[in-house]
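Undergrad: need coordinates for the following:
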Amino acid sequence: MSSVRSYFFRALSKAVSLRMNALGSVSRLRRFSERISRPLRLPRRTVTHLLTIRGVSAEWILPGSVSSQPVILYLHGGGWVLGWYQSHRVLSAHIGKASQSRVLAVNYRLAPENPFPAALEDCLAAYHWIVNENVAPDRIVIAGDSAGGNLTLAMLMVLRDAGDPLPAAAVCISPMTDLACTGETFHANRDALLTAEFAASMARYYRGERDPCLPLISPHYGDMRGLPPLLIQAGEYEILLSDAQRIADKARSAGVHVTLTVWPKMWHVWHVNTPWLPEAKQAVDTIGSFIRKHTERAGRRNDGDAV
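TA: Numbers count the residues shown, from 1 in each chain. Below is the predicted model of the structure:
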């Protein structure tokens with residue numbers, strides 16, 4: 001049964017969606033998204049600091065009680081077009097707090113000014129930087145929402161194909177995995193936040209003139225073999241539900257350990273309403289448990305090796 005608060009946040013999401021769909025230009029969308037998320041506050045005792053990784057801005061987000069490891073490489077959503085706003089800073093901070101992890105967020109280059117593969121290249125550079133900072137790959141988790149979930153899966157395929165060490169696990173929140181937009185729910189569902197028209201336009205900005213069925217643009221068409229454990233979360237009402245379900249099925253068929261959770265009556269990335277929406281907090285807590293499970297196991301191995 002949905003919480004009472006979910007009705008308020010669903011209505012709020014619909015209002016935001018209507019406004020965003022009416023804005024038209026990318027510059028106006030960016031200004032609006034930055035403005036509405038500005039009042040949000042990070043959890044208490046969160047420490048942040050900015051850095052630059054190979055010319056790309058990034059930010060450490062550190063829960064107050066966290067130790068030096070593990071690390072979550074967080075890839076924000078926003079249709080590859082909208083940037084690293086306060087809403088995503090707050091969400092990633094709550095995930096870091098729930099998992100007792102440091103978060104490194106990448107403010108990757110945005111479309112349409114920088115279409116595929118710019119964002120993917122920036123995210124890969126950040127991962128290699130973390131590894132070069134002497135963080136063991138099995139103490140790293142890659143996580144992302146929406147477009148960031150897409151980038152998460154694309155990153156894993158690139159790392160695997162290059163023979164690079166893979167992270168301990170990955171988390172995909174409401175991922176868009178098929179930029180050809182062939183999923184059954186893409187047009188059938190009525191998402192409170194994300195419309196099919198808006199998602200398709202963002203996808204066109206990102207892919208430019210490239211084939212939407214290229215695996216690194218649409219992981220749905222890629223090879224999932226050999227990927228680390230995946231946690232995929234999606235809302236029952238969101239248009240990208242089919243994207244989440246189909247990529248989970250494909251990964252399972254390839255032998256990947258997949259946990260897919262479909263949250264009743266939720267919409268696209270409802271997690272951004274943490275901590276006020278109970279369903280959002282529960283989803284974030286589930287992510288935290290998943291990350292702790294897969295990184296603590298590696299930490300115990302490393303401690304044993306050091307004895």
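Undergrad: now do the same contact list for residue 129.
TA: Contacts for residue 129 (Cβ atoms under 8 Å, 6 or more residues apart in numbering) come out as 53, 54. C-beta: built from backbone N, CA, C; applies to glycine.
Undergrad: try it again at 7 Å.
TA: Counting by Cβ atoms under 7 Å, 6 or more residues apart in numbering, residue 129 touches residue 53.
Undergrad: any idea how far it is from residue 233?
TA: With the distance defined as Cβ to Cβ, to the nearest Å, residue 129 ends up 27 Å from residue 233.
Undergrad: next SSE downstream of the helix or strand containing residue 52?
TA: Per DSSP states H and E, residue 52 falls inside strand 47-53. Along the chain past strand 47-53, the next helix or strand (assigned with DSSP H and E) turns out to be strand 56-62.
Undergrad: rewinding a little: partners of the strand holding residue 52 in the sheet?
TA: Sheet neighbours of strand 47-53, with direction, are listed as strand 56-62 (antiparallel) (DSSP bridges).
Undergrad: quick one: mean pLDDT for the partner strand?
TA: The average pLDDT within strand 56-62 is 96.
Undergrad: any buried residues in that strand, and which?
TA: Along strand 56-62, the positions that meet the burial threshold by neighbour count (16 or more other Cβ atoms under 10 Å) are 56, 57, 58, 59, 61, 62.
Undergrad: right, and out of those, which lies closest to residue 257?
TA: Each of the buried residues of strand 56-62 was scored against residue 257 by Cβ to Cβ, and residue 61 proved nearest at 27.3 Å.
Undergrad: so which residue is smack in the middle of this structure?
TA: Computing the C-alpha centroid of the chain and ranking residues by Cα atoms, centre = their mean puts residue 144 first, at 1.4 Å.
Undergrad: in which helix or strand would I find that residue?
TA: With DSSP H and E as the test, residue 144 turns up in strand 140-145.
Undergrad: same question for residue 248.
TA: Secondary structure from DSSP H and E places residue 248 in helix 241-253.
Undergrad: now swap in residue 211 and tell me
TA: Taking DSSP H and E as the definition, residue 211 sits outside all helices and strands.
Undergrad: how much space between it and residue 109?
TA: Spatial separation of residue 211 from residue 109 under the definition Cβ to Cβ is 21 Å.
Undergrad: who has more neighbours out of these two?
TA: Taking other Cβ atoms under 10 Å, residue 211 and residue 109 do not tie; residue 109 has more neighbours (19 against 11).
Undergrad: contact partners for that one?
TA: By Cβ under 7 Å, 6+ apart, the residues touching residue 109 are 118, 119, 122.
Undergrad: export the residues you listed to TSV and tack on secondary structure?
TA: Supplementary listing: the contacts of residue 109 in TSV, determined by DSSP: H, G, I helix; E, B strand; the rest coil:
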residue	secondary structure
118	helix
119	helix
122	helix
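Undergrad: PyMOL command to pick out the buried ones of those residues?
TA: Provided next is the PyMOL selection string for whichever of the contacts of residue 109 are buried by 16+ other Cβ under 10 Å:
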select buried, resi 118+119+122
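Undergrad: quick one: pLDDT of residue 174?
TA: The per-residue pLDDT reported for residue 174 equals 99.
Undergrad: and it, what is it in contact with?
TA: Residue 174 is in contact with 145, 146, 149, 233, 234, 235, 238, 240, 244, 268, 269, counting by Cβ under 7 Å, 6+ apart.
Undergrad: C-terminal to the helix or strand residue 92 falls within, what's the next element?
TA: Taking DSSP H and E as the definition, residue 92 sits inside helix 86-99. Elements were assigned by DSSP H and E; along the chain past helix 86-99, the next helix or strand is strand 102-106.
Undergrad: can you spell out which helices and strands pack onto the helix holding residue 92?
TA: Other helices and strands packing on helix 86-99, by 3 or more Cβ pairs under 7 Å, 6 or more residues apart in numbering; DSSP states H and E, are strand 56-62, strand 71-75, strand 102-106, helix 278-306.
Undergrad: contact partners of the second one?
TA: Surrounding strand 71-75, the residues in contact under the criterion Cβ under 7 Å, 6+ apart are 92, 95-96, 99, 101-106, 123, 126-127, 130, 135, 139-144, 148, 151-152, 291.
Undergrad: before we move on, back to that, which residues does the residue nearest to the centre of the chain bridge with?
TA: Bridge pairing for residue 144 (DSSP bridges) gives the partners residue 75, residue 172.
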